[in-house]
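[1] model this:
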Amino acid sequence: MENLAFTQARYGSVTFVAAWESGYVEPLCLVTNMALGEEACFYYKQRYGIETFFSDQKSRGFALAQSPLSDPVRLSLLLIASCLAYLWMVCLGVVVKEQGILGVIHRRTRCDLSLFQIGLLWLEHCLNEEFSLWVAFRLPPVRRLRFSVG
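    Numbers count the residues shown, from 1 in each chain. The predicted structure is shown next:
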């Protein structure tokens, strides 16, 4: 459905998308200002990673929402620094999982933490135990995957 108006204020024009993928009982309904429904579905699928990043920056990690900064230049410098620290924590989380040492800082039966949260816990553990830290943004080599086009 295209060229619709939305809400009593008649915001529009909007596009209504109902995506019903196999295996789901009900369709996913989206209202968007994007012209193409396929584009809206593509960006909607990205939302979980984006929301995780925002919550790690704001409430579950660096608490940037509580920063008293209002100067745009200082705030942008804080955001740059926090994004670099975020990358470092994610890299630490990857290393912890790849080396099989997650059980040192988290339960062994099930993990519901993001790589960022794992890295942050590992950082805290290393600081508490006075261990040396791996400080780098380069991940260890990973196996190369082969793709065939056919």
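[2] which non-adjacent residue is nearest H125?
    Leaving aside its sequence neighbours, H125 sits nearest to I105 (Cβ to Cβ, 6 or more residues apart in numbering; 5.0 Å). C-beta here means a position set from N, CA and C on the backbone, and glycine is covered the same way.
[3] pLDDT score for that neighbour?
    As predicted, I105 sits at a pLDDT of 90.
[4] touching, it and V96? I think so.
    Yes: applying Cβ atoms under 8 Å, one finds I105 in contact with V96, separated by 7.4 Å.
[5] ok, those two, which is more surrounded?
    Each of I105 and V96 has its neighbours counted (other Cβ atoms under 10 Å); V96 has more, 22 against 16.
[6] between I105 and V96, which contacts overlap?
    I118, W122 (Cβ atoms under 8 Å, 6 or more residues apart in numbering).
[7] what is the neighbour count of S59?
    The burial count for S59: 12, using other Cβ under 10 Å.
[8] packing partners for the top helix by length along the chain?
    Criterion DSSP state H: the longest helix present in the chain is helix 72-98. With contacts taken as 3 or more Cβ pairs under 8 Å, 6 or more residues apart in numbering; DSSP states H and E, helix 72-98 sits against helix 37-58, helix 115-129.
[9] how about D56, what does it touch?
    F62, Y86, S114, F116, Q117.
[10] for E26, same thing?
    Contacts of E26 by Cβ under 8 Å, 6+ apart are W20.
[11] isn't there a strand covering it?
    No: per DSSP: H, G, I helix; E, B strand; the rest coil, E26 lies outside any strand segment and is coil.
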